[in-house]
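Undergrad: I would like to see how this sequence folds:
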Amino acid sequence: MIQRKALICDRIRNIKGSFAWVPHKFLRGNFWTSLSQHELILYLFLVMAADRQGLSYYSFDRICSILSITPDAYILARDNLIEKDLIAFDGHMFQVLSLPECPVVSSVHILTSKKDMNRKDPATVQQIIRKCIGGHNA
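TA: Now for the predicted structure:
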């Protein structure tokens, strides 16, 4: 058995003030590997922003700014975390949920038609919105 001793004794972590934690099962239970990069950073952000009940109230624009992600990437990550049963969202408030028994693996949906592209492709949706509000392509 490995003897565990702190490397820097006066820098041992402890909870002061706010509260954030990730269960070890998140790593051991393959939840980490089941998430995309944007899903992972959004999930960890929500864990750090949440109170003891897992609740947080950050707006999407503030989250996108802090995480340096586009609104499309945020929406996709948020929806996937909901589908994977890791968070709940009511339109204003997030709740980080207790981990399910095992990771929910999303099936990849291939976009094969123009209708699929208009409804589910983030780049296409962004272009449609820009056209509607009179923006120019960047």
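Undergrad: I'd guessed residue 96 sits against residue 46; true?
TA: Yes. Contact criterion C-beta atoms under 8 Å: residue 96 and residue 46 qualify, at 5.3 Å. For every residue, glycine as well, the C-beta is placed using N, CA and C.
Undergrad: ok, the residue positioned nearest the centre of the chain - contacts?
TA: In the chain, the centroid-proximal residue (C-alpha atoms, centre = their mean) is residue 42; its distance is 2.8 Å. Residue 42 is in contact with 63, 67, 69, 74, 77, 78, 81, counting by C-beta atoms under 8 Å, 6 or more residues apart in numbering.
Undergrad: got the phi and psi for the second one?
TA: Backbone dihedrals for residue 67, given as degrees, to the nearest 10, come out at phi -90, psi -10.
Undergrad: pLDDT score for the nearest residue to it once chain neighbours are set aside?
TA: Spatial nearest neighbour of residue 67, chain neighbours left out: residue 41 (5.5 Å); criterion: C-beta to C-beta, 6 or more residues apart in numbering. On pLDDT, residue 41 comes in at 97.
Undergrad: okay but residue 41 is in contact with residue 64, surely?
TA: No. Counting by C-beta under 8 Å, residue 64 is not a contact partner of residue 41; they are 11.2 Å apart.
Undergrad: residue ranges with poor pLDDT in this protein?
TA: 106-111, 116-128, 135-138 (pLDDT under 70).
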